[in-house]
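**Student:** Quick one, fold the following:
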Amino acid sequence: MAEARGGRPIAASSRPTGGDKAMMGNKRYFRRKKVCFLYTEKIDHIDYKDTELLKRFVTERGKIIPRRISGASAQDQRRLRTAIKRARNIAMLPFASES
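**Tutor:** Residues are numbered from 1 along each chain as shown. Okay, the predicted model is just below:
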């Protein structure tokens, strides 16, 4: 911290505690579990030729959206990854954005 670098010591009251949400009172925060899009739409087969489906799981910069954000199950995320990479190799999806 600042003490180690030789600067002025930081007052204990101004240090970040990391418990900002705990300070807000007795309110409990409930985060809803994400639901797999493929499961809700009853999509059994993920095909690399279905670019409209694959574009939902790729950012505008060309990165594959992680499972914790997309809500896909682990098995579906692996199948999506394989399909996206196959579609990129035959130029159906871009590897990166235009800009």
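
**Student:** if I look at the residue nearest to the spatial centre of the chain, how far off is Gln77?
**Tutor:** For the chain, the residue sitting closest to the mean C-alpha position, by Cα atoms, centre = their mean, is Ile69 at 3.6 Å. Between Ile69 and Gln77 the computed distance is 11 Å (Cβ to Cβ, to the nearest Å). For every residue, glycine as well, the C-beta is placed using N, CA and C.

**Student:** Show me which helix runs longest in this protein.
**Tutor:** Counting by DSSP state H, the longest helix found in the chain is helix 74-89.

**Student:** buried residues in that helix?
**Tutor:** Of all the residues in helix 74-89, those buried under the rule 16 or more other Cβ atoms under 10 Å are Asp76, Gln77, Arg79, Leu80, Ala83, Ile84, Ala87, Arg88.

**Student:** And stretch 91-99, by the same measure?
**Tutor:** With the criterion 16+ other Cβ under 10 Å, stretch 91-99 contains buried residues Leu93.

**Student:** Numbering from 798 from now on, please.
**Tutor:** OK, 798 is where the count begins now, so the last one is stretch 888-896.

**Student:** now could you export just the CA positions of it as PDB?
**Tutor:** The C-alpha trace of stretch 888-896 is given here as PDB (Å, rounded to 0.1, in the frame of the first residue of the first chain):
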ATOM      1  CA  ALA A 888     -15.500 -18.400 -43.000                       C
ATOM      2  CA  MET A 889     -19.200 -18.500 -42.000                       C
ATOM      3  CA  LEU A 890     -18.300 -16.600 -38.800                       C
ATOM      4  CA  PRO A 891     -15.600 -14.000 -38.500                       C
ATOM      5  CA  PHE A 892     -12.600 -14.600 -36.300                       C
ATOM      6  CA  ALA A 893     -12.600 -11.000 -35.200                       C
ATOM      7  CA  SER A 894     -14.500  -7.800 -35.800                       C
ATOM      8  CA  GLU A 895     -14.000  -5.500 -38.800                       C
ATOM      9  CA  SER A 896     -12.600  -2.600 -36.900                       C
END
